[in-house]
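Colleague: Requesting a structural model of the entry that follows:
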Amino acid sequence: MTSLGNAARREARRRILRTVNHQVQRPFLHDTANRQVRVCHDEPDGLHFGPLKKWTFDNGADLGSYNTQQHWVTHSDGLFLVYTRRGLNNDHVIRHRAPLVIAEVDPRRVTVKRQTERILVPERGTRLGNFGMTDVSPTETWITTVEWMQPVGVAKYGSDNSVFVAKLTWNRPNLASNVAGKTPDPGSPSVGN
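Modeller: Sure thing, here's the model as predicted:
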């Protein structure tokens, strides 16, 4: 080890969970959550954490995401966040873990662009909080998930243990993709999830 950065700290009783690092040229972005809130901060060098910042939309409103996964979707033309959140008529879903939503991120302001938010996978009464992202090719990215049939009774909203594959088809090839042996340009953002 040649260098050690500072520790990410949060002034709260709840510990930090579910951390995800991502490089978008500069800065590096670090996302984390606990049972109450999802926060992020930038890392100018990928080693030293800046102050934690609650995820918000670009208009300053609370994103409403907490206590579940989120994944980065990187394209050479932009950075996107896939997440779940409160406020989508989903109070009956445990921890608001459905629907799955995607929106573009402003990496400089570390905010979510509200006007770009779209539902990727619909809410049908049960959780979708365990999901994954993969670049299939430079022109296609998949988000995969399955309905988690708990607790008893969620089927009344339409869930049936379905498996979902949300396919993002890019208008322009993703130059940041290293799929099929293509090596990304060192100056482009890294592929992440």
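Colleague: now the strands for this protein?
Modeller: Shown for the chain, the strands assigned by DSSP state E span residues 17-23, 28-33, 38-43, 53-54, 71-75, 78-83, 100-106, 111-112, 118-121, 131-137, 140-146, 163-169.
Colleague: least reliable of these going by mean pLDDT?
Modeller: Of all the strands of the chain, the minimum mean pLDDT falls on strand 17-23 (a mean of 50).
Colleague: Identify the residue spatially nearest to D160, adjacent ones excluded.
Modeller: Counting by CB to CB, 6 or more residues apart in numbering, D160 lies nearest to E147, which is 7.0 Å off, once chain neighbours are set aside. Where C-beta positions appear, they are placed from N, C-alpha and C, glycine not excepted.
Colleague: Next one: G78 relative to N171, how far apart?
Modeller: 11 Å (CB to CB, to the nearest Å).
Colleague: Please identify which of the two sits among more neighbours.
Modeller: Applying other CB atoms under 10 Å to G78 and N171 shows that G78 carries more neighbours, namely 18 against 7.
Colleague: one step back: export the strands of the chain to a markdown table and tack on distance to L63?
Modeller: What follows is the strands of the chain, written out as a markdown table (distance: least, CB to CB, whole Å):
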| stretch | distance to L63 |
| --- | --- |
| strand 17-23 | 15 |
| strand 28-33 | 11 |
| strand 38-43 | 7 |
| strand 53-54 | 8 |
| strand 71-75 | 15 |
| strand 78-83 | 7 |
| strand 100-106 | 9 |
| strand 111-112 | 6 |
| strand 118-121 | 15 |
| strand 131-137 | 17 |
| strand 140-146 | 18 |
| strand 163-169 | 20 |
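Colleague: For A61, find the nearest of these.
Modeller: Closest approach to A61 among the strands of the chain is made by strand 111-112 (9.6 Å; CB to CB).
Colleague: Need the residues that contact that closest one.
Modeller: With contact meaning CB atoms under 8 Å, 6 or more residues apart in numbering, strand 111-112 is reached by W55, T56, F57, D58, L63, L81, A103, E104, V105, D106.
Colleague: Now do the same contact list for the residue nearest to D160.
Modeller: Residues near E147 by CB under 8 Å, 6+ apart: R124, T126, R127, L128, V154, S159, D160, N161, S162, F164.
Colleague: out of those residues, which one sits closest to V110?
Modeller: For those, the closest approach to V110 (CB to CB) belongs to L128, at 24.7 Å.
Colleague: Identify the residues contacting the nearest residue to the closest one once chain neighbours are set aside.
Modeller: Nearest residue to L128, sequence neighbours excluded (CB to CB, 6+ apart): A98, at 4.3 Å. By CB under 8 Å, 6+ apart, the residues touching A98 are T84, N90, V121, P122, E123, R124, G125, T126, R127, L128, G129.
Colleague: got TSV for those, with neighbour count and distance to V73 too?
Modeller: Below are those laid out as TSV (neighbours: other CB atoms under 10 Å; distance: CB to CB, whole Å):
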residue	neighbour count	distance to V73
T84	28	15
N90	17	21
V121	23	14
P122	13	18
E123	24	20
R124	19	23
G125	18	26
T126	26	23
R127	24	20
L128	26	16
G129	20	17
